[in-house]
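# Curious how this folds, go ahead:
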Amino acid sequence: MGLINVLSSAFSKSQLERYVVIDFETTGLKPAQDEIIEMAAIRVVNGRITETFSQLVKPSHVVSSKIADITNITNNMLAGAPSINRVLPQFLGFIGSDVLVGHNIEKFDSQFLAIACLRFRFALNNQIVDTLPLAQKALPKLKDHKLETLCEHFKIKNQNAHRALSDCEATYKVFEKLSRTEQIVVTDIPAPKNVRKYPESSNDTTKKLQKLDDTLFNALLDGTISADEVKKIKSWIRRNADLSEQYPIPQLSKAIAEKSDPVELFLAIRDVCLPNYDIMNANQPIFLNGKSVVVTGEFCFGSNEELIAELSRRGANVKKNVSSKVDYLVVGKYGSIDWTFHGYGNQIKYAMELIEKGKEILIVSEDTLWRNAR
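Down below sits the predicted model:
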């Protein structure tokens, strides 16, 4: 993901000929819990604004009256806005690989962006410049270093404060002022914390499987499985013999027992951790009318609510949980960082177990659904 808080460099403003200022409005102040409701960005080349991006984002929950009062963004305004599933790819396309500038960007905006990218499996490799510490160093005698205070100090008009695009323009003007005298520090985006939001009611079995998943996923990152990593996996299986029938432990045990070649073992474990859900004929039609459908993961189509509404419109009977009576389990293109395993969650695990017992459940990807739906 490129989210490593290690590298930093300092240079003069003249060396930063191109950058993008970003600002988000959100439902709260906690990146791991709250949601983006507006995304804005302005591209600056040689000190001049050349392009702008501004888009409201529909959250999964209603916006509080407090946030509505601060931002002047109401629930009525957000009702017709696209979900983050649709806006994020557009936003990432706009910012490209440019350096991102923002006020308190290190702890706030970059964290909301990083978590959104993790959630939808998008790479994020941009570096950032934070105008907050820049202002604190340049103007130590100010009462505080809020964007509003800096605008007052520099006599900058921010006529629509707490709206993302207006705050972007104000931040751009503040940055141009500060960078005339201060050395700019460019850093990597800090790795976000506590982004996997497992249910608080997770039982001991789920917690154990989550630990195994972390071990397996970390082992796959470098493209090979070491003897030490195999030892750790075997140790987990041995310590948790009571889970030997839990999917995918039997498949994992079989792979380790049968594959001695490191490359073959890596591929076998990868297939267990990151299975391909397009297991049906690519050309087989999917008849939704009257069929029972369960959805899981994050969808390129939009939010789960939007997807369920569309499936219902096409005659499908959308269920919350997989059972032996379900016809289709549809897996979102982006997966989910909240699944027990990185490749699948409990819905997919149970569907796989039912399939192995002879039940006719088809697990299909989002792409296959829309390509073959009738």
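# Could you pull up the mean pLDDT of the host helix or strand of Thr368?
Assessed by DSSP states H and E, Thr368 sits inside helix 366-372. Throughout helix 366-372, pLDDT has a mean value of 90.
# Determine the set of other helices and strands touching it.
The elements that helix 366-372 packs onto, with contact taken as 3 or more Cβ pairs under 8 Å, 6 or more residues apart in numbering; DSSP states H and E, are strand 328-331. All C-beta atoms are positioned from the backbone trio N, CA, C, and that covers glycine.
# For the strand it packs on, give me every contacting residue.
Under the criterion Cβ atoms under 8 Å, 6 or more residues apart in numbering, residues 277, 286, 288, 291-297, 316, 322, 344, 347-348, 351, 361-366, 369 lie in contact with strand 328-331.
# Restricted to strands, list the residues you listed.
Assigned to strands by DSSP state E, the following of the contacts of strand 328-331 qualify: Ser292, Val293, Val294, Val295, Thr296, Leu362, Ile363, Val364, Ser365.
# what residue ranges in this structure score low on pLDDT?
Along the chain, the model assigns pLDDT under 70 to residues 1-15, 196-202, 278-282.
# try it again with 50
Within the chain, the stretches falling below the threshold (pLDDT under 50) are 1-7.
# for it, which helix is longest?
Among the elements of type helix in the chain, defined by DSSP state H, the one spanning the most residues is helix 204-220.
# Now the element after it, going C-ward?
Read in the C-terminal direction, the helix or strand following helix 204-220 is helix 227-239, with elements assigned using DSSP H and E.
# Nearest spatial neighbour of the residue nearest the centre of the chain, chain-adjacent residues omitted?
Among the residues of the chain, Arg119 comes closest to the average C-alpha position under Cα atoms, centre = their mean, at 2.2 Å. If the residues on either side of it in the chain are set aside, Arg119 comes closest to Ile337, at 5.5 Å by Cβ to Cβ, 6 or more residues apart in numbering.
# count of residues packed around the one you found?
The number of residues packed around Ile337, counting by other Cβ atoms under 10 Å, is 16.
# I'd guess it is in a strand, am I close?
No. Counting by DSSP: H, G, I helix; E, B strand; the rest coil, Ile337 is located in no strand; its state is coil.
# That one and Pro192: what is the separation?
Applying Cβ to Cβ, to the nearest Å, the value for Ile337 to Pro192 is 10 Å.
# what residues do those two have in common as contacts?
With Cβ under 8 Å, 6+ apart as the test, Ile337 and Pro192 both reach Leu118.
# what ranges do the strands span in the stretch 1-150 of the chain?
The residue ranges that make up the strands of the stretch 1-150 of the chain, judged by DSSP state E, counting those that start in this stretch, are 8-11, 18-26, 36-45, 48-56, 100-102, 127-130.
# just checking, what packs against the fifth one?
Strand 100-102 is packed against strand 18-26, helix 109-119, strand 127-130, helix 164-178, with contacts defined by 3+ Cβ pairs under 8 Å, 6+ apart.
# how does it look with 7 Å?
If contacts are counted by 3 or more Cβ pairs under 7 Å, 6 or more residues apart in numbering; DSSP states H and E, strand 100-102 sits against strand 18-26, strand 127-130, helix 164-178.
# of those, which approaches Met77 most closely?
Of all the helices and strands packed on strand 100-102, the one in closest proximity to Met77, counting by Cβ to Cβ, is strand 18-26 (11.1 Å).
# Note down every partner strand of that closest one and its orientation.
strand 36-45 (antiparallel), strand 100-102 (parallel) (DSSP bridges).
# Only the buried residues of that strand, if you could.
For strand 18-26, the buried set under the neighbour-count rule, 16 or more other Cβ atoms under 10 Å, comprises Tyr19, Val20, Val21, Ile22, Asp23, Phe24, Glu25, Thr26.
# Over to stretch 116-129?
For stretch 116-129, a neighbour-count test (16+ other Cβ under 10 Å) marks Ala116, Cys117, Leu118, Arg119, Phe120, Phe122, Leu124, Asn126, Gln127, Ile128, Val129 as buried.
# For the residues you listed, could you give me TSV that also reports distance to Glu152?
Conversion of the buried residues of stretch 116-129 to TSV gives the following (distance: Cβ to Cβ, whole Å):
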residue	distance to Glu152
Ala116	32
Cys117	34
Leu118	37
Arg119	37
Phe120	38
Phe122	37
Leu124	33
Asn126	30
Gln127	29
Ile128	25
Val129	22
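# Would you mind stating the distance between the nearest residue to Tyr344 once chain neighbours are set aside and Thr74?
Once its chain neighbours are removed from consideration, Tyr344 has its nearest residue in Pro275; the separation is 6.6 Å (Cβ to Cβ, 6+ apart). Between Pro275 and Thr74 the computed distance is 43 Å (Cβ to Cβ).
# do Arg86 as well
20 Å.
# ditto for Thr171
Here Thr171 is placed at a distance of 24 Å from Thr74 (Cβ to Cβ).
# Quick check on those two: which one has the bigger neighbour count.
Counting neighbours by other Cβ under 10 Å for Thr171 and for Thr74 shows that Thr171 has the greater number, 26 against 14.
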